[in-house]
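Student: I'd like to go over a predicted model; first the sequence, then the structure.
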Amino acid sequence: MVSCAFIHVDRVAAAAPDVSSANGSLRGFLEAQGSPAFASDDRGAELWKAVRAFYSKRDYAPVWLHGDRLTPGAQALRRALAAAPREGLSADRYDPRAFAGPQVVTAAVTADGPERAARLDVGLTFAFVRFAADLAAGSVDPRGAASLWRVSVREFDAAAALDDAVRDDAPVRVLTRMRPAHPQYAALTHALARHRRIAAAGGWPIVPAAAKKPSARAARMAALTARLRASGDATLKAFQLRHGLAATGVLDKETLAALNVPVEDRIRQIELNLERWRWQGFDAKGRTILVNVPTFELHAYEDGREALSMRVITGAGDTQTPVFAEQLSEVVFSPHWNVPANILETEVLPAIKRDRGYLARKNMEMIQTPAGPSVRQRPGPSNALGLVKFLFPNPFNVYLHDTPGDALFARPRRALSHGCVRLEKPEELARFVLAGSGDWDDAMIAAAMRGGREQFVRLGEPLPLRIAYFTTWVDADGTVRFAPDVYRHDVAQGGLLPASPKAPVPTVVASLR
């Protein structure tokens, strides 16, 4: 008995089928399908519609067959489909047998050659377009899983993908192009393979809770040593740093909980984060900015390479920073801070009532508006927004800004704001954003930040900005970090994914004769 993820098909008939017979079989097979069960979901129905239109445009000519053999592109496609678990996707989802019938890929075939060839051709086509769609836009839709998750799923043009795949018999080239271009995606696939190897070797041991007896303490230390060795951590401090914990070297309750997360759960976490990259993708050209909430970091890229990184402070659990994509369009030097209504009502007005000198001490002023009194803080080093803020259109009234509270950046977990993103290196970000914008050199930026007069600078070309949520991140040196699920998006979205895929299995070549 042969166990395999896919069986390669070298021949589909003893002799090359008649062209008109092959075309007729293809048309008959497609028309007989109607609305097949494998295309019952919304995306599947759209893909099936595209497949039928694709064959109709070709006058139902086969795509993947040359005479009685699969084309080289088709053989490469089957290998790519079998290797889908490397992307954190299940190969079963792209098995042509699910679309064309299992007899197409077994040795005991009774159907005639043209009909068999038609089923195989259509099965490969649908498998290709489904795999391409999943790589380009993700296999599930995250919208609705969280109210503050507003990332739009990337668009996928099935007709264009099919045309490109068959033009030069190069479906794998198209699949490669569909993968997210951000270096994190490739790095996460390597991290996934590594953790699967750990799981295959038996995983890592459980570290017991604290014990009083000397023998129990010794056993605990032995288990800790084995646990750290299994994940490649030289010290407990290194493990703590990788997991967003305070690097104390003390085996406290939080550290013990992180140590005892099963490797299977970490694999699932990597798979979910790979899916998140497929939802939003990445433009490798030009300058872009990404804020990653769980790691409390900002990364700025130029032509796909990281040009700047810094620590940030994001929203607390009850004032979460939303997840969305926009265009950074404006820089404001020496900004006023217009106190938001919720902060005014719950914090500032009660403080004013308690302390008459509060406004003067905070460099604030009361302003009368048609809607009632409002308060704003004048520009200056004590301003809540610091010396500069960065604006982008969004319905949440959040933005990036400087802060006078630099001491908070030393904390490992920095979910502390009212929703906006506070920056560790605001002046460096201003230089990155304004690079190439007129006369804005370093000296002018420094002077504008400290000038005490609010100044708005609109960018001639807005920069793509993403506020993202990745709980697994790979550093440039290959270190895999697992961040805390601060907003519980992992919990909400983990259930959307299908069962964890099996590791790729070597394929087997078999004849259909």
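Tutor: Done, it's in.
Student: Every contact and neighbour count from this point should use C-alpha atoms.
Tutor: OK.
Student: Where does the prediction get shaky in the stretch 401-513 of the chain?
Tutor: Residue ranges of the stretch 401-513 of the chain with pLDDT under 70: 502-513.
Student: at 80 what do you get?
Tutor: Along the stretch 401-513 of the chain, the model assigns pLDDT under 80 to residues 436-438, 499-513.
Student: So what does the nearest residue to residue 414 once chain neighbours are set aside have for phi and psi?
Tutor: Using Cα to Cα, 6 or more residues apart in numbering and skipping residues adjacent in sequence, the residue nearest residue 414 is residue 313, 5.0 Å away. The phi/psi pair for residue 313 (degrees, to the nearest 10) reads phi -120, psi 130.
Student: burial of residue 313, as a residue count?
Tutor: 30 (other Cα atoms under 10 Å).
Student: pretty sure it contacts residue 418?
Tutor: No. Residue 313 lies out of contact with residue 418 (Cα atoms under 8 Å); the separation is 9.9 Å.
Student: Bridging across strands, which residues link to the residue nearest to residue 414?
Tutor: As for beta bridges, residue 313 partners with residue 422 under DSSP bridges.
Student: Identify the residues contacting it.
Tutor: Neighbour list for residue 313: 296, 408-409, 414-417, 421-423 [criterion: Cα atoms under 8 Å, 6 or more residues apart in numbering].
Student: what about it, distance to residue 247?
Tutor: 19 Å (Cα to Cα, to the nearest Å).
Student: Residue 406 now?
Tutor: The spacing between residue 406 and residue 247, counted by Cα to Cα, is 19 Å.
Student: In TSV: the contacts of residue 313, plus distance to residue 376 and neighbour count.
Tutor: Shown next, in TSV, are the contacts of residue 313 (distance: Cα to Cα, whole Å; neighbours: other Cα atoms under 10 Å):
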residue	distance to residue 376	neighbour count
296	28	23
408	23	15
409	25	17
414	25	22
415	24	25
416	21	18
417	18	17
421	19	28
422	18	30
423	21	27
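Student: what's the closest of the residues you listed to residue 342?
Tutor: Nearest to residue 342, judged by Cα to Cα, of these is residue 417 at 13.3 Å.
Student: what about the residue nearest to residue 240 when sequence neighbours are not counted, is that helix, strand or coil?
Tutor: Once flanking residues are discounted, residue 240 sits nearest to residue 247: 5.3 Å by Cα to Cα, 6+ apart. Using DSSP: H, G, I helix; E, B strand; the rest coil, the structure places residue 247 in coil.
Student: about what we covered before: compare residue 406 and residue 247 (neighbour count), which wins?
Tutor: Neighbours were counted for residue 406 and for residue 247 using other Cα under 10 Å; residue 247 has more, 16 against 13.
Student: so the more buried one touches residue 255, yeah?
Tutor: No. Using Cα under 8 Å, residue 247 makes no contact with residue 255, being 9.7 Å away.
Student: okay, and the common contacts of the two?
Tutor: Joint contacts of residue 247 and residue 255 (Cα under 8 Å, 6+ apart) are residue 240.
Student: Enumerate the strands of the stretch 351-500 of the chain by residue range, in sequence order.
Tutor: Assigned by DSSP state E, counting those that start in this stretch, the stretch 351-500 of the chain shows strands spanning 364-369, 372-377, 388-391, 400-401, 415-417, 421-423, 455-468, 472-474, 480-482.
Student: Now for the protein, the helix or strand with the poorest mean pLDDT.
Tutor: Every helix and strand of the chain was ranked by mean pLDDT, DSSP states H and E. The lowest is strand 508-510, at a mean of 31.
Student: out of the strands of the stretch 351-500 of the chain, nearest to residue 28?
Tutor: Ranking the strands of the stretch 351-500 of the chain by proximity to residue 28 (Cα to Cα) places strand 455-468 first, at 46.9 Å.
Student: Give me the helices and strands touching that closest one, please.
Tutor: For strand 455-468, the elements it packs on are strand 287-292, strand 324-333, judged by 3 or more Cα pairs under 8 Å, 6 or more residues apart in numbering; DSSP states H and E.
Student: residue contacts, the closest residue to residue 384 other than its chain neighbours?
Tutor: Nearest non-adjacent residue to residue 384, counting by Cα to Cα, 6+ apart: residue 403, 5.9 Å away. Taking Cα under 8 Å, 6+ apart, we find residue 403 in contact with 383-387, 422-424.
Student: quick one: which of these is nearest to residue 492?
Tutor: The nearest one, if we look at those relative to residue 492 and count by Cα to Cα, is residue 422, at 26.1 Å.
Student: shouldn't the closest one be in contact with residue 404?
Tutor: No. Using Cα under 8 Å, residue 422 is not in contact with residue 404, being 9.6 Å away.
Student: coming back round to it: highest average neighbour count across the strands of the stretch 351-500 of the chain?
Tutor: Greatest average neighbour count among those goes to strand 421-423 (a mean of 28), per mean count of other Cα atoms under 10 Å.
Student: Break this protein down into its domains, please.
Tutor: With domains defined by automatic domain parsing, the chain comprises 7-178, 281-336+380-475+481-486, 338-378.
Student: Give me the distance from the second one to the chain's centre.
Tutor: Read that as domain 281-336+380-475+481-486. 19 Å (Cα atoms, centre = their mean, to the nearest Å).
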